[in-house]
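Trainee: Using only what follows, build the 3D model:
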Amino acid sequence: MQRVASKLKGYSIGAKDGDIGSVEDFLFDDKLWTVRYLVADTAKWLPGRRVLLSPIALGRVEIDEKRLPVSLTKQQVENSPDIDSKNITRTHETSYYDYYGWPYYWVGGDVWGTGMFPGSLAAQQKMEMAARGQHDDTRMRSVKEVMGYYIEASDGDIGHVEDFIIDDESWEIRYLVVDTKNWWPGKKVLVSPEWIERVSWSDSRVYVDLSREAIKSGPGFDPDRLNRDYEERLYKHYDRPGYWVV
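Mentor: Model prediction:
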C-alpha cells in the first residue's frame, strides 16, 4: 500500500519485547529511490544515539495503532553497529548487514538483491558475497532534507517537494508530492522518480522530463484518492508505462 511519508513520522516502533522509539526520518538511495533505512528517535531509551532500521526487519504498518512492528529484540537493536546516518558508506552497511546475518541488498541485480521486497532477504540465509562494493557510488538521502527541493519542469519552475509517497511492501519511493502554489495555486501533483532527468543535490533542485503545460493539465493529487485508478490516469496522461506493468 502507498503511504505518505510525513504521516508515518512519529509512529511508534515496537521491537519484539517493547517499544524502542518513534519514526524520525527515512533514508533512501539515490540510484533506485528505495528506502534503505528508517531513522528511529530512541532518545527516551538510548539517549544520544540515532538508530537505523532496515525495512528487512519491519512488519506491516499498523495504521490504527500508529505503530511499526520490528522483528528484532531491544538487545539486538542496542548492540547493532552505530552508523552515522549522515555519512553511510558501503563498509558501514556491510558491517550492519553482517551483524544481523542478512544477505546484502546491493548484490543480485533487483531492488532488494535477489527480489523485489525486503522480506525476501529476511528469509534467506546469509552467504558470503564477493561483490561487496556493487553500486558503491550510491548515496543515502534524507526524506526530511529533500522536502523543500525545487522542482524544475523542462521549461521552468513548477514548485517544490512537499512530501513522498512510499510503497510499504517494496519500500520504493513511488512519487514525489509537488506543491505548485507559487505557480499554479491550489494544486498538488505527483512526479515519479522514473520521470526525473537529474537531481542537483548541491543546488537542491530536481529536474523532471515533463513540461509545465503537461503538469498543469494533469490530474491533481488527493491523498484520499490515491488508488490504481488514479495512477492509471496519471500515467496515461503523461504517456508513460505504469511501474506495475511487467
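Trainee: just for this structure, where's the confidence low?
Mentor: For the chain, the stretches with pLDDT under 70 are 125-137.
Trainee: Spatially central residue for it, please.
Mentor: Centroid-nearest residue in the chain, with CA atoms, centre = their mean: V35, separated by 3.1 Å.
Trainee: Next SSE downstream of the helix or strand encompassing that one?
Mentor: V35 is part of strand 35-41 when elements are defined by DSSP states H and E. Remark: after strand 35-41, the chain's next helix or strand is strand 50-53, criterion DSSP H and E.
Trainee: for that following strand, packing partners?
Mentor: Using 3 or more CB pairs under 8 Å, 6 or more residues apart in numbering; DSSP states H and E, the elements in contact with strand 50-53 are strand 18-29, strand 35-41. Backbone N, C-alpha and C define where each C-beta goes, glycine included.
Trainee: Can you list the strands that that strand pairs with?
Mentor: Sheet pairing here is set by DSSP bridges, and for strand 50-53 it gives strand 35-41 (antiparallel).
Trainee: Now do the strands in this structure.
Mentor: 2-4, 12-15, 18-29, 35-41, 50-53, 67-69, 140-142, 150-153, 156-167, 173-179, 188-191, 196-200, 205-208 (DSSP state E).
Trainee: Make JSON lines out of those and add distance to S95.
Mentor: Putting the strands of the chain into JSON lines (distance: least, CB to CB, whole Å) gives the following:
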{"stretch": "strand 2-4", "distance to S95": "29"}
{"stretch": "strand 12-15", "distance to S95": "21"}
{"stretch": "strand 18-29", "distance to S95": "16"}
{"stretch": "strand 35-41", "distance to S95": "14"}
{"stretch": "strand 50-53", "distance to S95": "12"}
{"stretch": "strand 67-69", "distance to S95": "24"}
{"stretch": "strand 140-142", "distance to S95": "15"}
{"stretch": "strand 150-153", "distance to S95": "36"}
{"stretch": "strand 156-167", "distance to S95": "26"}
{"stretch": "strand 173-179", "distance to S95": "25"}
{"stretch": "strand 188-191", "distance to S95": "35"}
{"stretch": "strand 196-200", "distance to S95": "28"}
{"stretch": "strand 205-208", "distance to S95": "32"}
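Trainee: Which of the ones you listed sits closest to Y243?
Mentor: strand 173-179 (7.2 Å; CB to CB).
Trainee: what's the closest one in contact with?
Mentor: Strand 173-179 has contacts (CB atoms under 8 Å, 6 or more residues apart in numbering) with 2, 4, 28, 33-35, 151, 158-167, 188-193, 206, 221, 243.
Trainee: same deal with stretch 200-212?
Mentor: Contacts of stretch 200-212 (CB under 8 Å, 6+ apart): 30, 139, 141, 148-156, 158, 161, 176, 183, 191, 195-199, 238.
Trainee: mind checking how far it is from the chain centre?
Mentor: Chain-centre distance of stretch 200-212: 18 Å, with CA atoms, centre = their mean, to the nearest Å.
Trainee: okay, the angle between the strand holding V35 and strand 156-167?
Mentor: Orientation check (axes from the mean of the first three to the mean of the last three CA atoms, to 10 degrees): strand 35-41 against strand 156-167 gives 80 degrees.
Trainee: what's in contact with strand 35-41?
Mentor: 13, 20-29, 50-55, 58, 68, 85, 88, 105, 140, 142-143, 166, 171-173.
Trainee: rerun at 7 Å
Mentor: Contacting residues not belonging to strand 35-41 are listed as 13, 20-29, 50-55, 85, 140, 166, 171, 173 [CB atoms under 7 Å, 6 or more residues apart in numbering].
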